[in-house]
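S.K.: Got a sequence here, can you build the structure:
(2 chains)
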Amino acid sequence: MISDLRVMSNDEIAFNTYEMKLYGPAVAQYTMPGQFLHLRIGEGYEHMLRRPISIADVDLIRNVVTIVYKQLGEGTAWLRSRKPEDLINVLGPQGNGFNVNQYSQEHLIVIGGGVGVPPLYYLTKQLAKNNKVTAILGFQDQSSVFYEEAFSKFSEVYIATNDGSYGEKGFVTDILESQQLTNHPYYACGPTPMLKAIQNKLDGVSGYLSFEERMGCGIGACFACVCESTNQQGYVKICQDGPVLKAREVIL
Amino acid sequence: MNLNVDLNGLLLKNPIMPASGCFGFGKEFSQFYNLNELGAIVIKAATGEQRFGNPTPRVAETSGGMLNAIGLQNPGVEGIIEKELPFLQGIDSPVIANVAGSLPEEYVHVAKLLNEVDRVDALELNISCPNVKEGGVQFGTDPRQAADLTSLVKQATNKPIFVKLSPNVSDIGEIAEAVEQAGADGISMINTLTGMRIDLHTKQPIISNRTGGLSGPAIKPIAIRMINEVRNRVNLPIIGMGGVASSEDVLEMLLAGADAVAVGTANFQNPMICKEIIDELPQTLMKYGFQSIKEVRNSRCLN
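M.R.: Numbers count the residues shown, from 1 in each chain, chains lettered A, B, ... in the order given. Model (predicted):
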């Protein structure tokens, strides 16, 4: 649950976007796509909050986990400066991930936006064993695009960019429409406005949403990352009940 | 080393407890260590009815700390009694329940219901939450209101009451004296300091409540100063808190005048921190020349 993982590589794969590979015995537990790692940042007490980062891929034979993060603030700048052999303290895997056994012989859609794309990669690899998968990936512009080739090994891939500099111009929801993919079970991860647009567009279709939110403890104790829900108690905790939730379960 | 502490009749096996709001109702942390290790368990605030709290984002990191504006989200006092407290039934560490409300009547209602629960050993009167529109800190910034609320709640319960003080005041000693005279059994201090951060990209406050309570090591010197000020003015036991993250910090709080110490924000950085501090405390005390908690008390840094 709390373990130190060793950095294997830490490379820029798109504008301000980094792929880090970490290894250690604890990785053997990281079997469920959609879960996240809560990473301790820095030395001493400068950074009191961990950073939640999704699992992008796991190599269970070599015990290597891949994460992808965007460098936005000081915490991710510290992550960017990690070198091979450095240790990172990891709490996790946290939260509820995607159920990969719900479907077989189905045509499934995975929809990712920006740094919401990475967890869908580990998911797609597993879904593709028994299903046809179409991936719709949205990015800001050409410089932000990553993992297109990786996804194409397991799924057909459509890319949308906000400014049209790569793939189709527009949003992931435009591709759902233009490719007539609005009737298939789906899995989506990205910023909340994107998830809300998908929830509206695919109303009535069975789907799962994976959320990004600022977190405190990451274990369900502090109530920092809640989302209004249709469930009996009226809310869900993203870190504990999520980050993957049934699309019908949340009120955005 | 014997780490026992007697807080005006509330006996703890050691002086360390989690701070309210940073530990939920205990369940999540029990996956990391046995909660029996703790001197006490302080659970999240209870209000009369369930509350959903503030919109997100509710937290933001700051240098050496964090801002939070959760807004007292909780299942309500009856929900806590029915769904949360049973889990703590098998634990022998005392449970301190944090009591909050919008009006004095709500505090009294919550205190009365908790008074009937054997698993609750003491109440912490929350007159210092900076993140709700009504109640909370409103009762903690005026000595008269703080005293009135303390005596009202005191009449509603047989359990000891620790009044949790706000640092967002000009004279915290005055509030401490007022609640001592009103019958408080102890003081816990300090709650968070009101702060704010602005996102440079959006030009808007990061926290949707605009302001939040600042906690973490950044506020520790303020906590130490205020505990020391209150120690010089009242005789009640003090549960000290504010930025504690190590056994050295605990010793510093004890020397300032605290009798027990709560750990808050540090639980988020390291979920094992309370247990680690408890394990290290005897060695740290010895390192600085103390053979017992009592010896530390005799070396308090008083005026």
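S.K.: from here on, contacts and neighbour counts on C-alpha atoms
M.R.: Fine.
S.K.: What are the boundaries of the helices in the stretch 151-300 of chain B?
M.R.: With DSSP state H, counting those that start in this stretch as the criterion, the stretch 151-300 of chain B has helices at B:172-181, B:220-231, B:247-256, B:266-269, B:273-287, B:293-298.
S.K.: For the strand or helix carrying B:H109, buried residues please.
M.R.: Using DSSP states H and E, B:H109 sits in helix B:104-115. By neighbour count on 16 or more other Cα atoms under 10 Å in any protein chain shown, the buried set for helix B:104-115 is B:104, B:106-112, B:114-115.
S.K.: Just after it, pick out the following helix or strand.
M.R.: strand B:122-126.
S.K.: Now find how far off-centre that next one is within its chain.
M.R.: Relative to the chain's own centre, strand B:122-126 is displaced by 9 Å; criterion: Cα atoms, centre = their mean, to the nearest Å.
S.K.: What strands line up against it, and which way round?
M.R.: Here strand B:122-126 is paired, per DSSP bridges, with strand B:95-99 (parallel), strand B:161-164 (parallel).
S.K.: Contact residues of chain A facing chain B?
M.R.: A:40, A:45-50, A:213-226, A:235 (Cα under 8 Å from any Cα of the partner chain).
S.K.: just the CA coordinates of stretch B:292-300, formatted as PDB?
M.R.: Taking Å, rounded to 0.1, in the frame of the first residue of the first chain, the C-alpha atoms of stretch B:292-300 are listed here in PDB:
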ATOM      1  CA  SER B 292       9.000  11.100  31.100                       C
ATOM      2  CA  ILE B 293       6.200  13.300  29.900                       C
ATOM      3  CA  LYS B 294       6.000  14.700  33.400                       C
ATOM      4  CA  GLU B 295       9.500  16.000  33.200                       C
ATOM      5  CA  VAL B 296       8.700  17.800  30.000                       C
ATOM      6  CA  ARG B 297       5.800  19.500  31.800                       C
ATOM      7  CA  ASN B 298       8.100  20.700  34.500                       C
ATOM      8  CA  SER B 299      10.300  22.200  31.800                       C
ATOM      9  CA  ARG B 300       7.500  24.100  30.100                       C
END
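S.K.: So what's the residue count around A:I41?
M.R.: Neighbourhood size, A:I41 [other Cα atoms under 10 Å in any protein chain shown]: 23.
S.K.: cool, A:P93 as well?
M.R.: By other Cα under 10 Å, the residues close to A:P93 number 23.
S.K.: Contacts only, for it.
M.R.: Residues in contact with A:P93 (Cα atoms under 8 Å, 6 or more residues apart in numbering or on different chains) are A:1, A:29-30, A:35-38.
S.K.: ditto for B:A184
M.R.: Contacts of B:A184 (Cα under 8 Å, 6+ apart): B:150-151, B:154, B:160-163, B:236.
S.K.: so how far is B:D121 from it?
M.R.: Going from B:A184 to B:D121 by Cα to Cα, to the nearest Å gives 15 Å.
S.K.: can you pick the most crowded of the contacts of B:A184?
M.R.: Neighbours here mean other Cα under 10 Å. Within the contacts of B:A184, the largest count is held by B:V163, at 31 neighbours.
S.K.: wouldn't that residue be in contact with B:I127 here?
M.R.: Yes - contact criterion Cα atoms under 8 Å: B:V163 and B:I127 qualify, at 7.2 Å.
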